[in-house]
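J.: Here is a sequence together with a model predicted from it:
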Amino acid sequence: MSLFQIVLPEIILVTAACVLFLIGFAGPKVNGRVCFGIALVALVLALLAAFLPLRGEQFGAKVFADTYQSFRLSGFSVFVRIIALGMAILLTLLSAPTGRDAIGNPSVHWGRDGGEYFGLLLLSFTGLILVPMCNDLIVLFMAIELASIPTYILVSVSRPLAKAQEAGVKYFFLGALAAAILLMGMAYMYGSTGTTNLYQVGQQFAALKGGPGAPALTPWHMLASVLIILGLAFKLAAVPLHAYAADVYEGASTAITAVLGFVPKAVGTIALIKILFVLSGNDATWQVPPQIAKLIWILAVLTMTVGNLLALSQRNIKRLFAYSSVAHSGYLLAGIAFMLMGVGVDRQGSLISSQALASVLFYLVVYGVTSTAVFGAMMLIPTRKRLEIGSATYVPPATTAETTDDLAGFGRNHPLIGILLAIGCFSLIGLPFTGGFWGKYYLLVPALKSFSQASSGGGWLIALAIAIILNSGLSAAYYLGVVGALFNRKPQDEVPTLPAHSHGSFAAVVASITIVVVLGVMLRTTNRLSEQTRTAATSMEGPLATPSVPVAAGN
Amino acid sequence: MTVLHPILAATTESPQQLMLPLLVALPLLGALIVSLVRESTLARTIAFFVSLGVLVFAGLLLTQTVDGSGPGFHVWNAPDALRLGRNPATAFSVSLGADAISLWLVALVAVLTPCAMMATVSSLERAGAFFAWLLVLEAAIIGVFLASDILLFYVFFELTLIPSFFLIGQWGGIERRYAATMFFIFTFVGSVFMLVSILYIVTSAGTFNIGRCVEFVQRSMTDRQQFWVMIGLLLGLGVKTPILPLHTWLPTTYLQAPTPVTALLSGLLAKLGTYGILRLAIPIAVGGSQGCLIAWLIGLSLAAIVYAALIAWVQKDAKLLVAYSSISHLGFCVLALSTLNVMGGQASVLYMINHGISTAAVFLILGMIEVRMGTRSISQVSGLGRGRPKLAFFFVLFVMSSIGLPLTNGFVSEFLSIQSTVSYSLWVTAIAASGVVLGAIYMLHLTAKLIFGPARQPAEVIGTPGDLSGRELLALVPLATLVIVLGVMPNTVLNSIRDPIASIMTRPQPSAGTVIVEAPAVTSAGMN
């Protein structure tokens, strides 16, 4: 495969983004619907292009790379790209304009900047799909920042409110700091290994192994790794780098909040997995130095517990779901910790650590779809907040349901939307018959498999598994608060009338909830997705399909 | 190979098998229809007939099993679309199975649900949604009793939370939202521990079939592993039952829930806990290695019997009194199970059925009193029997059944439960027997206050509320009939459940190096 074929989806997206930026100059004549249409078509084309590598029958066993090995297209990256583009379509649908001449929908208000809004959205998704196949520290950093920087702007331009501007600025400064930490880590990594090529860094670490087990890293290597992990922890909003989440999620328009709920999380998770793979010396058993594994373990426990505890006290549901998304980052990190700590093979002879990686991918899919559904459903519920200007009262611009009071009794009057949001919440709790249940199931199984076999170190695994289930119990309290507000509270005043919501966002919510329910009930589908994640997880390594030009160290 | 679990040995196919999924699917389908109905009476009628349909199917299966004309157990395996994995022997699948124990409990569900529906007041807001959730609850409970897959058991166990949450939270008393959330979180947190135990068993045993999972735990796990697995299971099941220190959610929940739902909570949901203990926890202990845990179970049951009875004695709110009496009664149920003998097992299952009938009936009739008087306080209301012979008759009958008067159903199960403890220790028997006396005291106290004495009613009640209406009689007469029938001929139940109980209570044969996973796959008989 040529470089062109490998990055075809990215090329499509960036081209469309450039077109959108140019259209932005056309002024208000070009309405939001055109921009939205271009973005959606580009994403669909990119998704089709992402399926292209699957044509070859040798796929999964072999890895494609360009001449300089900046990108490695493995089964893992193909899977993640397809998932990410599917999610991108759902997330873009949330921003669908209400009508032909609309400048947004009840939640989003881009004014005259429709071209920029959708162009930035596409750029962010481009960064997201680049991350899984980066094989070079510099390209990886650029991809991560390509995914992040547009979101800083999107937070601010998504609605004309002071708190959106504030959120954008806050997000930008903290994000810049995290990027600096990440870059510093990468600089140390380059300085201590002499190459920016991730695969070669991994091979160098593999050479440090004395036998089976983790590579013996030098302190410089460790410093680099920890700095990189911290930089990525910001993307995941992992505790203690979670402080921005609530303000940013609250300030942004709900459609952009949904984007923030998936894109940075996916970027952080995938990049972290790639870095850890390197730290294990490109080893499919994922044996990293125990300090690193313990670091991830601690991050996981802290993130899920603190996230859930903070969410408990929120009355603003956007802040509530911000902290809930912090907690879900914790579950993802727990899956990664299981991947690093799980040892041995199971009854069928497959590696437990790669099962844990598969469970992380599965969880990412389920969480992404569910969080899209939940934020999307919130966009369909009107707010009861009113701005008073003089003697008149106005509905604040681009604002939908934000507090539990807005939800009170809504489900009784509008059962369909209420039930959609309720199913989303149940899936986030992890109740049966939703995708969320199987997400937690797959997350826990590798830990227990490894625990029942491990001769030592099982205590860490079981403690983390118990932390996960206790946190699910904790999280039930606030998710039930949302569902309870929808159905168990009486409507406060007049029957709230639905705003003219866009069909696009409604379709995205229905589609997401359908996926959640199908994954929960139609177990054959669930199993198929899980097998896909298994294939993806086992195909991170592998020989190159075409012998490429060897790259000298430090090139 | 000894048959440890009847479901394990089930290989035959019969047309009745399709009835098992129907028992779960019919109420769900009914719920879908009922939820669209806006008119209150119509919603009740449809829901009632749907639940009658479930009763007919359950009755058909049960009679065949009891009189021996049909197979002793039924299995049904879902189509491949509902299976998580390629290999049917090791994959999670929606597989249902029923032996006499399951079928008797399913029949209990099928009887109580229509009665609770009939006892629901006519003036209920959004009745369509209420009856729809009741049907979902029925489906979920039946699912638990029929699950022959250990994770499916958990799935249905959790599913009961959703309808309960909405039923309590929307139609309950003043503190309904608090009660609904507390009930959900208590049960959910308890059952996630059960989930860890279940997943641990499943990942070690490599199968999801309850029978084979239990067999694996009995034979291949060390005492320490068994201990922790059993702790996890008991945490989940014990919250639902409730076993003593885990009961704190119960009074508020029972008090705040609408009365028909309280009847189902105490009559049915509590049985999910005891049923799970019988199916999953007790077989682990049968081998004799968990004597310490069993001693704790017995101690906690005795404590529940006495302590809850004493609390019930001093309650002023009649519903709260019966709620605490329910904790005390379930103490007997767990106590009988913990004796680990066949008589105890039989007594316990019979106790589940009888307690379901009589406690639900008492709750329903208390609801009827509340509708008339606007209060449940026994200090404000008395002499209800005057001019209301039907109310008085049914109240006294159900109270007698609850106390365990001979010729009512409560007597046999209580007597057998206590008798089964003799083999364990006479001290246990003595303490348990004292619980019976306490039970008589508080229930008679309640009856004396409410039904007899001078006629007194709160000042707000205008006129003299009448006797039971035809709708209310329709709810109570079936239960009253069962009280007498099961009191006179308990052997129908006891004989039919003897074999399944005996196979649970049999000490597993020590066998060296048996690999359970390689046993022939019983789930291969799929009916697509």
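T.: Received it, and whenever you're ready, just let me know what you need.
J.: Can you pull the residues of the stretch 251-400 of chain A lying near chain B?
T.: Applying C-beta under 8 Å from any C-beta of the partner chain, one finds that the stretch 251-400 of chain A approaches chain B through A:346, A:347. Just so you know, the C-beta spots here come from the backbone N, C-alpha and C atoms, and that holds for glycine as well.
J.: The helix or strand of chain A with the lowest mean pLDDT pairs with which strands, parallel or anti?
T.: None of the helices or strands of chain A scores lower by mean pLDDT, DSSP states H and E than strand A:64-65, at a mean of 78. Partners of strand A:64-65 in the sheet, by DSSP bridges, are strand A:72-73 (antiparallel).
J.: State the next helix or strand along the chain beyond the strand it pairs with.
T.: helix A:75-94 (DSSP states H and E).
J.: Against which helices or strands is that next one packed?
T.: For helix A:75-94, the packing partners by 3 or more C-beta pairs under 8 Å, 6 or more residues apart in numbering or on different chains; DSSP states H and E come out as helix A:32-51, helix A:114-130, helix A:254-279, helix A:352-379, helix A:503-521, helix A:523-538.
J.: which residues are in contact with the shortest one?
T.: Going back to what we said before, that points to helix A:523-538. A:60, A:75-76, A:78-80, A:284, A:350-351, A:354-355, A:357-359, A:361-362, A:365, A:435, A:438, A:442, A:518-520, B:80-86, B:91-94 (C-beta atoms under 8 Å, 6 or more residues apart in numbering or on different chains).
J.: re the thing from before, quick one: closest of the helices and strands packed on helix A:75-94 to residue A:409.
T.: Of all these, it is helix A:352-379 that lies closest to residue A:409, at 15.6 Å by C-beta to C-beta.
J.: and the angle from that closest one to helix A:523-538?
T.: Taking axes from the mean of the first three to the mean of the last three C-alpha atoms, to 10 degrees, one finds helix A:352-379 and helix A:523-538 inclined to each other by 120 degrees.
J.: Quick check: neighbours of the helix or strand following helix A:352-379 in the sheet, parallel or antiparallel?
T.: Note on helix A:352-379: by DSSP H and E, the next helix or strand toward the C-terminus is strand A:387-389. Strand A:387-389 sits in its sheet next to strand A:392-394 (antiparallel), going by DSSP bridges.
J.: following the partner strand, which helix or strand comes up?
T.: Using DSSP H and E, the first helix or strand after strand A:392-394 is helix A:404-407.
J.: And the next helix or strand past that following helix?
T.: Helix A:404-407 is succeeded, C-terminally, by helix A:410-413 (DSSP H and E).
J.: what's that next one packed up against?
T.: helix A:415-429, helix A:458-487.
J.: Chain B: which of those helices is closest?
T.: Of all these, it is helix A:458-487 that lies closest to chain B, at 3.6 Å by C-beta to the nearest C-beta.
J.: Please identify the buried residues of the closest one?
T.: A:458, A:460-462, A:464-487 (16 or more other C-beta atoms under 10 Å in any protein chain shown).
J.: Ok, stretch B:226-245 next?
T.: Going by neighbour count (16+ other C-beta under 10 Å), the buried part of stretch B:226-245 is B:226-227, B:229-230, B:232-244.
J.: before we move on, the earlier item: of the contacts of helix A:523-538, buried ones?
T.: By 16+ other C-beta under 10 Å, these give A:60, A:75-76, A:78-80, A:284, A:350-351, A:354-355, A:357-359, A:361-362, A:365, A:435, A:438, A:442, A:519-520, B:82-85, B:91-94 as buried.
J.: Alongside chain A, which residues does the stretch 1-150 of chain B contribute?
T.: So the stretch 1-150 of chain B meets chain A at B:80, B:81, B:82, B:83, B:84, B:85, B:86, B:91, B:92, B:93, B:94, B:126 (C-beta under 8 Å from any C-beta).
J.: Just flag the most distant two among the residues you listed.
T.: Maximum distance among those (C-beta to C-beta): 44.8 Å, for B:86 and B:126.
J.: Pull stretch A:199-215 out as CSV, backbone CA atoms only.
T.: Written as CSV, here are the backbone C-alpha positions of stretch A:199-215 (Å, rounded to 0.1, in the frame of the first residue of the first chain):
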residue,chain,number,x,y,z
TYR,A,199,8.7,0.9,16.5
GLN,A,200,12.5,1.3,16.8
VAL,A,201,12.2,2.7,20.2
GLY,A,202,10.3,-0.4,21.1
GLN,A,203,12.9,-2.6,19.6
GLN,A,204,15.6,-0.8,21.6
PHE,A,205,13.6,-1.4,24.8
ALA,A,206,13.1,-5.1,23.8
ALA,A,207,16.9,-5.3,23.7
LEU,A,208,17.0,-4.2,27.3
LYS,A,209,15.2,-7.3,28.4
GLY,A,210,17.2,-9.7,30.4
GLY,A,211,14.8,-12.5,29.6
PRO,A,212,11.0,-12.9,29.7
GLY,A,213,9.5,-10.0,31.5
ALA,A,214,9.6,-6.2,31.4
PRO,A,215,12.5,-4.3,29.8
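J.: low pLDDT regions in chain A?
T.: Scanning chain A for pLDDT under 70 picks out A:1, A:27-29, A:56-61, A:454-457, A:492-499, A:541-555.
J.: Specify the residue positioned farthest from the middle of it.
T.: Relative to the centre of chain A, the most outlying C-alpha is that of residue A:391, 44.2 Å out, by C-alpha atoms, centre = their mean.
J.: distance of that residue from chain B?
T.: In this structure, residue A:391 and chain B are 36 Å apart, going by C-beta to the nearest C-beta, to the nearest Å.
J.: Angles on the backbone of that residue, please.
T.: Residue A:391 adopts backbone torsions of phi -100, psi -10, taken as degrees, to the nearest 10.
J.: Residue B:382 too?
T.: phi -160, psi 170.
J.: count of residues packed around it?
T.: By other C-beta atoms under 10 Å in any protein chain shown, the residues close to residue B:382 number 18.
J.: Okay, and the beta partners of it?
T.: residue B:456.
J.: contacting residues for it?
T.: B:449, B:450, B:452, B:453, B:454, B:455, B:456.
J.: quick one: pLDDT of it?
T.: At residue B:382, the model reports a pLDDT of 87.
J.: Chain A versus that one, what's the distance?
T.: Taken as C-beta to the nearest C-beta, the span from residue B:382 to chain A is 35 Å.
J.: Would you agree residue A:164 is in contact with residue A:250?
T.: No. Counting by C-beta atoms under 8 Å, residue A:164 stays clear of residue A:250, with 9.4 Å between them.
J.: so what's residue B:54 closest to, chain neighbours aside?
T.: Once flanking residues are discounted, residue B:54 sits nearest to residue B:110: 4.8 Å by C-beta to C-beta, 6 or more residues apart in numbering or on different chains.
J.: What is the neighbour count of the one you found?
T.: Residue B:110: 24 neighbours (other C-beta under 10 Å).
J.: now do the one 3 residues further on
T.: Other residues lying near residue B:113 total 31 when counted by other C-beta under 10 Å.
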